[in-house]
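*Asks:* Coordinates only, no sequence provided:
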């Protein structure tokens, strides 16, 4: 590629132009184009240029020298202070968030605070940054948000922390705003609600008001904060609660659903679905008082002897086969009035009888899995016993061990030393109930298979917790103020909410959360010049689906500044395959 001076003689005289020549691989020959028209030789002489040809040949030589120097500098270009990478993976999440239109309500919410920045922009930036590159709030501000295309981040780090604390104090109102705005775009079905709790550890030694030591899901000894999560019938998050790590999970089910119905004037009947950790008489009674139903699981081992004998008896079973005709699982059912002992407000106890259906299931694959786990824990306990390990070292295997201050003959020891021995009765009971599960429900007219199908949707809530912990790095958290900690979990909750809306309501559950998070993390572009970008993301089936729906150049390698702007400005209508005009 080079410049040259072109001389064309016509009736008026000698006409001078600066041309550029370059090789065109498609045509297979050199192609010339005009860069600048200089003028006629006699007119240039009249303007004061004695030798126009020599003068502009020198100018062309200077242009060629500058081009050569620029090309050399480009080949040896040094790294800059800012990375060329730009994040675009949040485009679909931001499109849904923008479509909900929560910014106006959040603007009203921040009026008492006197903030001179937009709380809505702050929250949107932090939620989008969470799905793109989860990290500390300081790193998010300095390293993530500045590289996100289409994100308005006109706030300082101190304003970020102030806004975070304010959001934590008002987190219930924020969730209410999102729920209210969702009603117009994605109507909810609250005929069933799924609830479960988990906890998040903090790498600190000293407890405080919120971070307390309790039973950790990760079996860690650090202080924890607990979270309750409520999902609707389509497994879209409805609400959350944050409470101290040493508090019981059981009251949270009543409190969260009670607040939800009060705030949103929900008067219809809701079936509350939860696992055995939340199954207690007070939760059952609260469902009945509220006119709701319930489906809870219950451990076979904790049943009364008569009911356990019925559950494990060999008669009354019905088989359910898979597509190959093999028995996948079996069930039996019974309807009766069952007693519950309730705690009154004055602390007294009273007994009530409630009609319930109880469904017992047996799964051969689950029995095999649980038996393997029992044998593994027993072998671990046997090895620890032979090694005279401390009681604290047994962990889950302690359930199969008896600890007593006795000698081999069963007499009390004088030195008070604790002796461990295998509890063969506990081992036998555990193996006898492997593969069995019981569901108790108020829905006496619902079929056993529908009851089991509804209960098994609880895996969605476990998936939501896993996304929070693994994909969104919700723990360990390093914030200290209770309000900031609550806001951190609010951001993770909203990220899960938007991901689930994209997954269920937009993509019709055709893609799993891991595939969505892969696009959020992987869709990056690098700026190679002022107007050119290259797409460094990996092609995936979800990327192909989004490109087909939106018409955006998500699969192109070379992108213009307009292409990048169009992707960052994606709308919900485009995600739904409804384009109303040009993309950029």
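*Replies:* On my side now, so go ahead. Because the structure is a prediction, the values reported are computed rather than measured.
*Asks:* May I have the phi/psi pair for residue 197?
*Replies:* Summarising the backbone geometry of residue 197 under the convention degrees, to the nearest 10, its torsions are phi -130, psi 150.
*Asks:* likewise residue 279?
*Replies:* Note on residue 279: its backbone torsions stand at phi -80, psi 110 [degrees, to the nearest 10].
*Asks:* Next: residue 242.
*Replies:* Main-chain dihedrals, residue 242, degrees, to the nearest 10: phi -120, psi 130.
*Asks:* Just list the residues touching it, thanks.
*Replies:* 171, 210, 225, 226, 227, 485, 486, 489 (Cβ atoms under 8 Å, 6 or more residues apart in numbering). Backbone N, C-alpha and C define where each C-beta goes, glycine included.
*Asks:* How about it: what's its closest non-neighbour residue?
*Replies:* For residue 242, the nearest residue in space outside its immediate sequence neighbours is residue 486; the separation is 4.9 Å by Cβ to Cβ, 6 or more residues apart in numbering.
*Asks:* helix, strand or coil for that neighbour?
*Replies:* Under DSSP: H, G, I helix; E, B strand; the rest coil, the three-state class of residue 486 is helix.
*Asks:* which residues touch it?
*Replies:* When contacts are counted by Cβ under 8 Å, 6+ apart, residue 486 touches 168, 169, 171, 242.
*Asks:* So what does the residue lying closest to residue 224 once chain neighbours are set aside look like in phi/psi?
*Replies:* In this structure, residue 224 finds its nearest non-sequential neighbour in residue 245, 3.5 Å apart by Cβ to Cβ, 6+ apart. Backbone dihedrals for residue 245, given as degrees, to the nearest 10, come out at phi -70, psi -20.
*Asks:* Wait, residue 245 touches residue 225, no?
*Replies:* Yes. With contact defined as Cβ atoms under 8 Å, residue 245 reaches residue 225; the gap is 5.5 Å.
*Asks:* shared neighbours of those two, anything?
*Replies:* Any residue near both residue 245 and residue 225 by Cβ under 8 Å, 6+ apart counts here, and that gives 199, 210, 211.
*Asks:* any chance of those residues in CSV, with distance to residue 332, secondary structure and pLDDT too?
*Replies:* Listed next are the shared contacts of residue 245 and residue 225 as CSV, based on distance: Cβ to Cβ, whole Å; DSSP: H, G, I helix; E, B strand; the rest coil; pLDDT from 0 to 100:
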residue, distance to residue 332, secondary structure, pLDDT
199, 35, strand, 87
210, 45, coil, 86
211, 45, coil, 86
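*Asks:* with those residues in mind, which one is nearest to residue 570?
*Replies:* When the shared contacts of residue 245 and residue 225 are compared for distance to residue 570 (Cβ to Cβ), residue 199 comes out closest, at 36.0 Å.
*Asks:* which residues are contacting stretch 4-19?
*Replies:* With Cβ under 8 Å, 6+ apart, stretch 4-19 has contacts from 3, 21, 32-44, 52-53, 56-57, 59-60, 63.
*Asks:* So which of the residues you listed are in strands?
*Replies:* Among these, the residues falling in strands (DSSP state E) are 3, 21, 32, 33, 34, 35, 36, 37, 38, 39, 40.
*Asks:* just the buried members of those?
*Replies:* The neighbour-count criterion (16 or more other Cβ atoms under 10 Å) marks 3, 38, 39, 40 among those as buried.
*Asks:* Once you drop chain neighbours, what's closest to the second one?
*Replies:* Nearest-residue entry for residue 38: residue 16, 4.0 Å, with adjacent residues in sequence omitted and distances by Cβ to Cβ, 6+ apart.
*Asks:* just the third one next, same as before
*Replies:* For residue 39, the nearest residue in space outside its immediate sequence neighbours is residue 16; the separation is 6.4 Å by Cβ to Cβ, 6+ apart.
*Asks:* In three-state terms, label the one you found for me.
*Replies:* Three-state call for residue 16 (three-state DSSP): strand.
*Asks:* again, but for residue 174
*Replies:* When states are read from three-state DSSP, the local structure at residue 174 comes out as helix.
*Asks:* what number of residues lie near the residue nearest to residue 39?
*Replies:* Other residues within reach of residue 16 by the criterion other Cβ atoms under 10 Å amount to 22.
*Asks:* Please name the bridge partners of it.
*Replies:* Partner residues in beta bridges with residue 16: residue 7, residue 39, with DSSP bridges as the criterion.
*Asks:* Quick one, grab the pLDDT at it.
*Replies:* For residue 16, the model assigns a pLDDT of 92.
*Asks:* now swap in residue 556 and tell me
*Replies:* Looking at residue 556, its pLDDT is 94.
*Asks:* Return the residues in contact with residue 384.
*Replies:* Residues near residue 384 by Cβ under 8 Å, 6+ apart: 393, 394, 397, 420.
*Asks:* Make TSV out of those and add pLDDT and distance to residue 385.
*Replies:* TSV is the format used below for the contacts of residue 384 (pLDDT from 0 to 100; distance: Cβ to Cβ, whole Å):
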residue	pLDDT	distance to residue 385
393	79	11
394	81	9
397	86	10
420	80	5
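*Asks:* Could you write me a PyMOL select line covering just the buried ones among those residues?
*Replies:* For the buried members of those, the matching PyMOL selection, counting by 16+ other Cβ under 10 Å, is:
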select buried, resi 394+397+420
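*Asks:* what about residue 539, neighbour count?
*Replies:* For residue 539, the number of neighbouring residues by other Cβ under 10 Å comes to 11.
*Asks:* so where is the stretch 101-250 of the chain shaky, pLDDT-wise?
*Replies:* Flagging of the stretch 101-250 of the chain using pLDDT under 70 yields an empty set of residue ranges.
*Asks:* how close does the closest residue to residue 438 other than its chain neighbours sit to residue 276?
*Replies:* Once its chain neighbours are removed from consideration, residue 438 has its nearest residue in residue 298; the separation is 4.6 Å (Cβ to Cβ, 6+ apart). In this structure, residue 298 and residue 276 are separated by 5 Å, where distance is defined by Cβ to Cβ, to the nearest Å.
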